[in-house]
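1. Sequence and predicted structure are below.
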Amino acid sequence: MTEKFLAIINPAAGGGRCGERVGAALDRLRVTGIAIETAQTRAAGEATGIAREAYARGFRKFLAVGGDGTSYEIVNGLFPECRSQFVAPNSQETSSVDDNIPTLGFLPLGTGNSFLRDFAEGSSSAEGLEHALRALEARRSRPCDVLRLTHKDGVIYYTNLLSVGFAADVAMLRHKRFQGLGQFGYLLSIFLCLARLDRRPFPVRFDDRSEFDRRRSLFLTFNNSKFTGGTMMIAPDAVTDDGLIEYVRWGPIGRLGLIRNLATLYDGTHTNHPLAERQAVRRVEFQLEGPVDVMVDGEVLTLECQAIDVLPSALCVVV
């Protein structure tokens, strides 16, 4: 089994800054005795294939060098392959579950690094990078749940959050028109989406409930960690290793109400609004009429969602 880290690098992340800065960051880690092999991506989706092939070769430690998209692709390369090798806790087999659990560290050199913000000491990109480097140097790690979305055409895995409704509309607009504007692109997309505010039902039910919730909503999010879009604290009560999905719903708030409360999306107090609610659940089922735009770990997709469940402590993260 390979003990060294495989650093999967997206040199284009952060407007190309990742490619310029990664060498110094890796050199700093190597000085502390961390063995690192590298692989660079040249196109979207390549990190998934690289991670999958490396896991099959025996790698269990990975380093996501880029932004949220790089981490998302690596996680989807590791699962479900590593899950197929897990031994159930009550199994009489002798192979170790821990031997198959992959470890994922981060060098946040991209535009957004929402997941790491749950653990980083500061809010700036420089502080996030320093936190990540210190965690790697100290060999500091912890278990992390992985959330699994089953949709009509397959399965995807994520560690941060999945959103439908306004949050996904904003992410899709930013993706199509304002990709290079960073945080300002998010703000601009928010205000443009206000002009066509669409509050619609996304029928969902949780755990053992019999009825689907068909109320109109501004957005629904299904979270493993707190942040999205870099600094938006969409799920302030989310815990990354509790075996639960943190569900946040904001009902059909009007334009003026949303404008007045936009700042609360950044400090997490939006969940105190009379039209908002949150709860921790183990499973989500959808009853959608067709595909919808979703934002998942910084990626924007159009999917017909069917269910979300949790793979408890299926990943080890260096944070």
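-> All right, it came through fine. Numbers count the residues shown, from 1 in each chain.
2. Now do stretch 9-23: distance to the chain's middle.
-> Centroid separation for stretch 9-23 versus its chain: 20 Å, with Cα atoms, centre = their mean, to the nearest Å.
3. and what of stretch 113-133?
-> On Cα atoms, centre = their mean, the centre of stretch 113-133 falls 14 Å from that of its chain.
4. and it, average pLDDT?
-> Looking at stretch 113-133 alone, the average pLDDT works out to 80.
5. Determine how far the last residue of that stretch lies from the first.
-> One end of stretch 113-133 to the other measures 14 Å (Cα to Cα, to the nearest Å).
6. for it, which positions count as buried?
-> 113-120, 125, 128-129, 131-133 (16 or more other Cβ atoms under 10 Å). No exception for glycine: its C-beta is placed from N, CA and C like everyone else's.
7. which of these lies closest to residue 147?
-> Of all these, residue 147 sits closest to residue 115, with 11.8 Å by Cβ to Cβ.
8. Quick one: residues contacting that closest one.
-> Each residue near residue 115 by Cβ atoms under 8 Å, 6 or more residues apart in numbering is listed here: 68, 71, 106, 159, 160, 225, 227, 297.
9. Can you give me the pLDDT of the spatially closest residue to residue 17 that is not a sequence neighbour?
-> Spatially, and ignoring its direct neighbours in sequence, residue 17 is nearest to residue 109 (6.4 Å; Cβ to Cβ, 6 or more residues apart in numbering). If you check residue 109, the pLDDT there is 89.
10. measure residue 109 to residue 161 for me?
-> For residue 109, the distance to residue 161 (Cβ to Cβ, to the nearest Å) stands at 21 Å.
11. Equivalent analysis for residue 146, please.
-> Taking Cβ to Cβ, one finds residue 146 at 13 Å from residue 161.
12. what do the two both touch?
-> Counting by Cβ under 8 Å, 6+ apart, the residues touching both residue 146 and residue 161 are residue 224.
13. Compare the two (neighbour count), which wins?
-> More neighbours surround residue 161 than the other of residue 146 and residue 161, with 28 against 23 (other Cβ atoms under 10 Å).
14. residue contacts, that one?
-> Residue 161 touches 114, 221, 222, 223, 224, 225, 228, 234, 235, 238, 296, 297, counting by Cβ under 8 Å, 6+ apart.
15. Kindly report the same for residue 255.
-> Taking Cβ under 8 Å, 6+ apart, one finds 194, 197 in contact with residue 255.
16. Nice, that's everything, thank you.
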